[in-house]
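S.K.: quick one: sequence and predicted model below, then my questions.
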Amino acid sequence: MIERAWNHHLGPRTLRRGVVFCAAVLLAGCGAQAAVISPTASPSPSPSPTASPSPTPDPTPTKSLGPTFQPIDVWATPTPKSGKAVPTAQDNIAQPRRPAPVQDPDFLALKASGRIALVDGERVVLPADVDPMLMPGTEQPVPDARVLDISYSRWIIEPTGGGRDELGRAYSDENYWNLCEVGATTVALSYWQTLTGVPDVRGMKGYFIDPYTSEGVRWPSPGPVLPKVNGKVVGTYFSGEDHVNGYLAYARGYILYLATQVQPPGWQSTGMAVFALNGKPLYRTIGAPRPNVTTVLNWEASGHDEDNWESFWYTGVMRFSPNFARDLNAAVTLDVGRDGVPVVAVLDAHDLPNWQEGTKTRHLFHGIAIVGYDNASNPPTYSYVETCGRQCNSRPGNYNGKLQVAPQSVIVSALQDTLGSGFVW
């Protein structure tokens, strides 16, 4: 499905499915969003009492009425081959079987400028003269503090590395201890399901087998020991809710679907977690690098829209962005405060308050979902949800269902520490 919309500066423009373009002058095609997204620039001033009575006003304003939002750095150094800037959603881990798709430069420019917004479950493109730091359709600024509803997401907890599945069958799989980025992705997508109806985070269920065959490598030895039926490995069974470990846990079926089965277009291997490198199996998996997080978030949040999934919503910002702390704050304020969806951070657990154990604190590749912020507190803070439960991380600051709060400077340090990577927004 192709939608046609009109921008009064650019003329008629073809937009891919799911995007509504709202401009200052709207013609048929923008639908109901025209009432929601409207320019909020100040009106032209009235003529001065001493001004000339000429009926032709000066078309050149003396002062710009547009926003002064500093774009978020989603661009890397231009490549000599193409002569164009490329997205920063790349990593130094070679993944020929899970290539990162090229995102539309127009999408990246709009995203960097804060002009892609989510209103009533619809993605919209804000007019160029609208301040992205205002709540859409209003003159009210995005709030200085907001925490998303975590009544569901706080109980999204990864399956443990051993024990019994929902059918009571014994298994041992240490890969399950390294699914934190997958868990953070699941948390983010649970908000998309609430706002748009997709994906089916809450309803996913099934049998799950580590995708070594899909990776084109042998089964590792030692490796996972999974349930069998009539001598054939069928995998662990999990659904959208269980009490297997003596506590409530949501979305384990979806976590394992993302870890082992999801396959966006262009991927040869299934699962967003990496189970093999250089033709050799990994046990444990290294988890899901940031480019995989970006790719899967877009594929799943788009509802598997094959026409426009690569540039649906998310892109990445790498840790060496020159204005990294500011970029993170702007991204969180927009995504959480204005649009109601989390930011996923791929960082080093060494700096996080719930991973501290004195001199024994380790550097660990980790992922969290940032679901809140307070820019007015002293110091300013971010709030985040951990899917690495108490059995994964038994340190004193971590327990199931807890909303973690840390100074914004600490989260920035974790993102820029040894094993940090960047954030996806």
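M.R.: Nice, I can see it. Numbers count the residues shown, from 1 in each chain.
S.K.: okay, CA-based contacts and neighbour counts for the rest of this
M.R.: Fine.
S.K.: and the residue nearest to Glu306 when sequence neighbours are not counted, how many neighbours does it have?
M.R.: If the residues on either side of it in the chain are set aside, Glu306 comes closest to Pro265, at 7.8 Å by C-alpha to C-alpha, 6 or more residues apart in numbering. The tally of other residues near Pro265 (other C-alpha atoms under 10 Å) stands at 15.
S.K.: equivalent analysis for Lys232, please.
M.R.: 9.
S.K.: what of His304?
M.R.: There are 17 residues near His304, going by other C-alpha under 10 Å.
S.K.: check Pro143 too.
M.R.: 18.
S.K.: wait, it sits on Gly337?
M.R.: Yes - counting by C-alpha atoms under 8 Å, Pro143 sits close enough to Gly337 to count as a contact (6.3 Å).
S.K.: any idea how far Tyr254 is from the residue nearest to Glu306?
M.R.: 19 Å (C-alpha to C-alpha, to the nearest Å).
S.K.: do you have the strands of the stretch 101-250 of the chain handy? List them.
M.R.: 116-119, 122-125, 145-147, 162-164, 170-172, 206-208, 228-229, 232-233, 236-238, 241-242, 249-250 (DSSP state E, counting those that start in this stretch).
S.K.: ok, the stretch 301-425 of the chain next?
M.R.: Under DSSP E, counting those that start in this stretch, the stretch 301-425 of the chain gives strands at 316-318, 343-348, 365-374, 381-385, 403-407, 422-424.
S.K.: compare those strands and give me the one nearest Leu226.
M.R.: strand 365-374 (25.1 Å; C-alpha to C-alpha).
S.K.: got the angle for that closest one vs strand 403-407?
M.R.: Put simply, strand 365-374 runs at 80 degrees to strand 403-407, going by axes from the mean of the first three to the mean of the last three C-alpha atoms, to 10 degrees.
S.K.: rewinding a little: surely the residue nearest to Glu306 is in a helix?
M.R.: No - Pro265: not assigned to a helix; according to DSSP: H, G, I helix; E, B strand; the rest coil it is coil.
S.K.: relative to Asp305, how far out is it?
M.R.: 10 Å.
S.K.: how many neighbouring residues does Asn230 have?
M.R.: By other C-alpha under 10 Å, 6 other residues sit near Asn230.
S.K.: any idea how far it lies from Thr196?
M.R.: 41 Å.
S.K.: before we move on, back to that, export the strands of the stretch 301-425 of the chain to CSV and tack on distance to Asn292, mean neighbour count and mean pLDDT?
M.R.: Output for these, formatted as CSV (distance: least, C-alpha to C-alpha, whole Å; neighbours: other C-alpha atoms under 10 Å; pLDDT from 0 to 100):
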stretch, distance to Asn292, mean neighbour count, mean pLDDT
strand 316-318, 11, 26, 94
strand 343-348, 11, 28, 97
strand 365-374, 12, 27, 98
strand 381-385, 20, 24, 98
strand 403-407, 25, 18, 97
strand 422-424, 10, 29, 96
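S.K.: possible to save those strands as TSV with distance to Leu415?
M.R.: Shown next, in TSV, are the strands of the stretch 301-425 of the chain (distance: least, C-alpha to C-alpha, whole Å):
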stretch	distance to Leu415
strand 316-318	9
strand 343-348	4
strand 365-374	10
strand 381-385	13
strand 403-407	13
strand 422-424	6
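S.K.: nearest to Tyr212, of the ones you listed?
M.R.: Per C-alpha to C-alpha, nearest to Tyr212 of these: strand 365-374, 21.3 Å.
S.K.: that closest one to strand 381-385, inter-axis angle?
M.R.: 130 degrees.
S.K.: ok, residues contacting strand 365-374?
M.R.: Contacts of strand 365-374 with the rest of the structure, by C-alpha atoms under 8 Å, 6 or more residues apart in numbering, involve 144-148, 180-185, 187-188, 332-333, 336-337, 341-349, 380-387, 419-420.
S.K.: make it 6 Å
M.R.: Here strand 365-374 makes contact (C-alpha atoms under 6 Å, 6 or more residues apart in numbering) with 145-148, 180-181, 184, 342-349, 380-386, 419.
S.K.: how near is Phe324 to Gly367?
M.R.: 17 Å.
S.K.: where in the stretch 1-150 of the chain is pLDDT low?
M.R.: For the stretch 1-150 of the chain, the stretches flagged by pLDDT under 70 are 1-66, 76-92.
S.K.: show me which helix runs longest in this structure.
M.R.: As assigned by DSSP state H, the longest helix anywhere in the chain is helix 180-196.
S.K.: in it, what's buried?
M.R.: The neighbour-count check on helix 180-196 (16 or more other C-alpha atoms under 10 Å) flags 180-193, 195-196 as buried.
S.K.: ok, which pair from the residues you listed is furthest apart?
M.R.: Longest span within these, C-alpha to C-alpha: Cys180 and Thr196, 24.4 Å.
S.K.: contact partners of the longest helix of the chain?
M.R.: 121, 153, 199, 201, 255, 288, 341-342, 366-369, 387.
S.K.: try stretch 274-282
M.R.: For stretch 274-282, with C-alpha under 6 Å, 6+ apart as the criterion, the contacting residues are Val217, Pro220, Thr285, Ile286, Gly287.
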